[in-house]
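J.: Give me coordinates for this.
(one chain, ligands or ions: 2)
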Amino acid sequence: MSLDINTAPESLVHFLGSGSSGNCIVIEAPEGVVLVDVGFSARETLRRLGTLGIDPERLRAIIVTHEHGDHVRGVRVLAKRLSVPVYSSAGTRRAAFLDRECQDSRVLAPADPTTIAGANVIAFRASHDTVEPIGVRVELPQGAVTVVTDTGEITAEAREAMRDSAVLAVECNHDVDMLTNGPYPWFLKQRILSTRGHLSNVDAATAIADACHDSLTAIYALHLSETNNAPRHVRTSVDTTLERIGHPCRVRIVGPLGCSD
Ligand SMILES: [Zn+2]
Ligand SMILES: [Zn+2]
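T.: Ligands and ions are numbered 1, 2, ... in the order given. Have a look, this model is predicted:
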């Protein structure tokens, strides 16, 4: 994989999978590979990296967005096996026991830019039912990649980070009608719909439209609920909004096995 300045930014981003069964995003930074979340076992993560032809020896760091199992499951074992640092907010570091169980656990404080594998990385606050969840903006020479997942609302910081990104990877968790009329118990529906739950298709589409600009080249939908969403609903919400504002991008769906679009 060439890291030439003219490389299309979306070709530097790969998805090992997204959803409640596990999340892991691969970003090719100037000095090596950075993973955002490792929600699969270390063994499964290595298998999926192999399928994409990515040499695990190129891994330089893992960034953890929050302590839920579908984001953190394989972090400790993979970090130990490959001897790489693990970055997270101070709250996630404590809640996921990264400070005790990882040899090299570092704090990535919101709004405090850090250089990771040669890329400028800016964490920003997300809104989720965990101690200190974050999203990340990874600024590559080819353009910024911004990941916003597991958030009940788009925070002001997330909105700022999404602006002028070349690649957006945004949670499109549920269709509000499917969730409201679906089989989940009332308390779980309330949790998902709350400002500390998960992002709906419509809220994601609005945030993406707000962040649209000429150099935005790829939009990925993350963390679709298998019970309360369907790719067609994501496309209806996001693509209709993009068409209305005249932007040529169309959303690509990232499922449990990665991005097939
Ligand atoms: Zn999750
Ligand atoms: Zn979560």
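
J.: Contact partners for the nearest residue to residue 120 once chain neighbours are set aside?
T.: Closest residue to residue 120 apart from its sequence neighbours, by Cβ to Cβ, 6 or more residues apart in numbering: residue 139 at 4.2 Å. Using the backbone N, CA and C atoms, a C-beta is placed for each residue, glycine as well. Shown in contact with residue 139 (Cβ atoms under 8 Å, 6 or more residues apart in numbering): 119, 120, 121, 122.

J.: Tell me which helix or strand comes right after the helix or strand encompassing residue 243.
T.: Using DSSP states H and E, residue 243 maps to helix 231-244. Downstream of helix 231-244, the first helix or strand assigned by DSSP H and E is strand 251-255.

J.: Which elements pack onto that next one?
T.: strand 13-17, strand 218-222, helix 231-244 (3 or more Cβ pairs under 8 Å, 6 or more residues apart in numbering; DSSP states H and E).

J.: pretty sure residue 189 contacts residue 183?
T.: No. Assessed by Cβ atoms under 8 Å, residue 189 is found out of contact with residue 183, at 9.8 Å.

J.: So between those two, which is more surrounded?
T.: residue 189 (19 against 9; other Cβ atoms under 10 Å).

J.: how about the more buried one, phi and psi?
T.: Residue 189 adopts backbone torsions of phi -60, psi -40, taken as degrees, to the nearest 10.

J.: pLDDT score assigned to it?
T.: Listed pLDDT for residue 189 reads 98.

J.: mind listing what the closest residue to it other than its chain neighbours touches?
T.: Spatial nearest neighbour of residue 189, excluding adjacent residues (Cβ to Cβ, 6+ apart): residue 179 at 5.9 Å. Listed by Cβ under 8 Å, 6+ apart, the contact set of residue 179 reads 189, 192, 193, 200, 225, 228.

J.: what does residue 168 give?
T.: With Cβ under 8 Å, 6+ apart, residue 168 has these contacts: 146, 148, 162, 208, 211, 216, 218, 219, 220.

J.: Tell me the residues of the stretch 101-250 of the chain that contact ligand 2?
T.: With the criterion set to Cβ under 5 Å from the ion, the stretch 101-250 of the chain comes near ligand 2 through residue 150.

J.: Quick check, the residue in the stretch 101-250 of the chain closest to ligand 1?
T.: residue 150 (4.5 Å; Cβ to the ion).

J.: So for that residue, what's the nearest residue that isn't a sequence neighbour?
T.: residue 128 (4.8 Å).

J.: I'd guess the one you found is in a helix, am I close?
T.: No. Assessed with DSSP: H, G, I helix; E, B strand; the rest coil, residue 128 is coil; it does not lie in a helix.
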